[in-house]
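okay, structure incoming, though there's no sequence with it:
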């Protein structure tokens, strides 16, 4: 059987955590799709995905090198979970999980030049720092 998900998108929130001395990261990734409606007008749809990075080495790479707006390639597996919210209501979640095996994370954003300026244009669909991001 196969449980594999591949996404290329822009980083939204980055939530770094340490539990029992072990680092892990939760990030949100926005993936844009473009299409034309029935009148021929170009439309854009953005889907947000939650990504849990449990592999400690990958979590360290994200902590040191990834920032909001960066474009990432991630490959992991889907995992369902449930939890109770602050009101005691049971909620369900589906996350892309990057574990220690069969997971990939590739940084696709342009590197900064030696002067420290970023020569790339902001990725399409990446919310501004002031915007509310889901998750």
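Noted; the coordinates are in hand. All values reported here derive from a predicted model rather than from experimental measurement. Numbers count the residues shown, from 1 in each chain.

looking at this, residue 61 is in a helix?
Yes: counting by DSSP: H, G, I helix; E, B strand; the rest coil, residue 61 is located in a helix.

give the closest residue to it in space, chain neighbours not counted.
Spatial nearest neighbour of residue 61, excluding adjacent residues (CB to CB, 6 or more residues apart in numbering): residue 105 at 6.8 Å. For every residue, glycine as well, the C-beta is placed using N, CA and C.

how much space separates residue 66 from residue 26?
For residue 66, the distance to residue 26 equals 12 Å [CB to CB, to the nearest Å].

er, residue 37 actually
For residue 37, the distance to residue 26 (CB to CB) stands at 34 Å.

which one of these two is surrounded by more residues?
For residue 37 versus residue 26, neighbours defined as other CB atoms under 10 Å are more numerous around residue 26 (18 against 8).

can you map out the helices along this protein?
In the chain, the helices defined using DSSP state H lie at 56-65.

can you give me the strands in it?
Using DSSP state E, the strands of the chain run over 5-19, 22-36, 42-53, 71-84, 90-98, 104-107.

quick one: these as a markdown table, columns for distance to residue 59 and mean pLDDT too.
As requested, the strands of the chain are exported to a markdown table (distance: least, CB to CB, whole Å; pLDDT from 0 to 100):
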| stretch | distance to residue 59 | mean pLDDT |
| --- | --- | --- |
| strand 5-19 | 8 | 95 |
| strand 22-36 | 4 | 94 |
| strand 42-53 | 5 | 95 |
| strand 71-84 | 13 | 95 |
| strand 90-98 | 9 | 95 |
| strand 104-107 | 10 | 94 |
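
output the ones you listed as a markdown table; include the columns distance to residue 60.
A markdown table is the format used below for the strands of the chain (distance: least, CB to CB, whole Å):
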| stretch | distance to residue 60 |
| --- | --- |
| strand 5-19 | 10 |
| strand 22-36 | 6 |
| strand 42-53 | 10 |
| strand 71-84 | 15 |
| strand 90-98 | 13 |
| strand 104-107 | 11 |
